Every structure is written in structure tokens, then in C-alpha cells.
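Student: Structural data only, the sequence is not supplied:
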């Protein structure tokens, strides 16, 4: 009795190469960017845009957005840790560590520039600066993640560049479009393509 003929050696070698390639890609990419957590960031940013737009003074506007930043860190951090645990994707080693090292420096610079802009009374430069630096953080961290993440960062950067040269009356539109809309759109894409 004879069985099926053995598979040719080159077919088995190709299968092995594809397996090795996909394993290396997964090992080099941080895939725990939380899609639904990103959508939640967008929803809270839309609420912050509405609330900040009702503030009579620039300092109160800034306070609303700083509160939103704290809320975003809590939501994003919780969602990130939860997704990483489910995927058994370590946060503090390999791609997770590189993702964080790419993400945090631009945010720290954004914090320092916010203080400097506040002291100089240059509130009109904050929305563009925030969008640009957040986009930079997402692009640099996204190098270690799935392809859609750096694309999202580029969209933030483009929006921020335009926002720097627009009148203050347009602030709410840029903040809503960037921190609200882009988070919702890209978060949905990430959740559907790469899980929660």
C-alpha cells in the first residue's frame, strides 16, 4: 500500500521560511495597541472639546485639556495593559519597551512646551504643538507596531502643522478632528484588524 507522494523539499522549505518570517515579524512588532481604548480616547476628547469651548478664559480652556490628558493616560494605559495581558505580549521587554521609548520623549517635550507656552501666554500655539508632538510620538512608537499606527501619527502631524497657522476660533475644530476623530477612525481600524 502506498500513501500520498511526499511533498517536494522546496515546498516544505518555503513553508518553514514563511513560518520563520511571520514569527520574526510578530516578535519585532508591538501589537497591543488598544483599538477600542483608542476609540474611547476619541470620545472623551470630543467631550473635552465641547467643554473647553465653553470656558471664558484661556487658562480654564487649558485646565480642561490637561484634565483630558490625565483621563487619556488612564484610559489608554489601562486598555494597553489589558490587551497586552490577553495577547501575552510583554510590555517591558522587546517591542513593548521600544514602543514606550519611542512614545514617551515627544510627550515629555509636549509637556515642557505647554508650560513654556502658558508662561508666554501663547495659548494659540498649543493645539498645533500638541497635535504635532502627539503625532510624532505615535509615528516614532509606531515604527515598532502595526502599519496603521504610524499612519495615524502622520495624520496628527499634518493636522498639527495646519493648526499652527490658523486663527484661535478654529481651535475646537482641530482638537475635535485630531484627538476626537482620528482616534475614533484609527481605533476602529485597529480594533477590527488587530483585535480589541
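Tutor: That came through, no problem. Everything numeric in this text was worked out from a predicted model, so none of it was measured. Numbers count the residues shown, from 1 in each chain.
Student: Check the burial of residue 59 by counting its neighbours.
Tutor: Counted with other CB atoms under 10 Å, the neighbours of residue 59 add up to 11. Every C-beta, even on glycine, is put in place using the N, C-alpha and C of the backbone.
Student: Tell me which residue lies nearest the centroid of the chain.
Tutor: Compute the mean C-alpha point of the chain, and by CA atoms, centre = their mean the closest residue is residue 138, 4.8 Å away.
Student: That one: what's its closest spatial neighbour, skipping adjacent residues?
Tutor: residue 153 (3.1 Å; CB to CB, 6 or more residues apart in numbering).
Student: distance of the residue nearest to the centre of the chain from residue 48?
Tutor: Distance, residue 138 to residue 48, by CB to CB, to the nearest Å: 18 Å.
Student: which element follows the strand or helix carrying the residue nearest to residue 138 toward the C-terminus?
Tutor: Per DSSP states H and E, residue 153 falls inside helix 148-163. Using DSSP H and E, the helix or strand that directly follows helix 148-163 along the chain is helix 171-175.
Student: which residues touch the very next helix or strand once past that following helix?
Tutor: Later in the chain than helix 171-175, the nearest helix or strand by DSSP H and E is helix 183-194. Residues outside helix 183-194 that contact it (CB atoms under 8 Å, 6 or more residues apart in numbering) are 31, 33-43, 45, 146, 148-149, 151-152, 155.
Student: Distance from the chain centre to helix 183-194, please.
Tutor: Put simply, helix 183-194 sits 11 Å off its chain's centre (CA atoms, centre = their mean, to the nearest Å).
Student: now it against helix 148-163, angle please.
Tutor: Note on geometry: by axes from the mean of the first three to the mean of the last three CA atoms, to 10 degrees, helix 183-194 and helix 148-163 are set 170 degrees apart in direction.
Student: and helix 183-194, what's its mean pLDDT?
Tutor: For helix 183-194, the mean pLDDT works out to 91.
Student: One more: stretch 117-131?
Tutor: Stretch 117-131 carries an average pLDDT of 95.
Student: Tell me, how many residues neighbour residue 112?
Tutor: Neighbours of residue 112 (other CB under 10 Å): 9.
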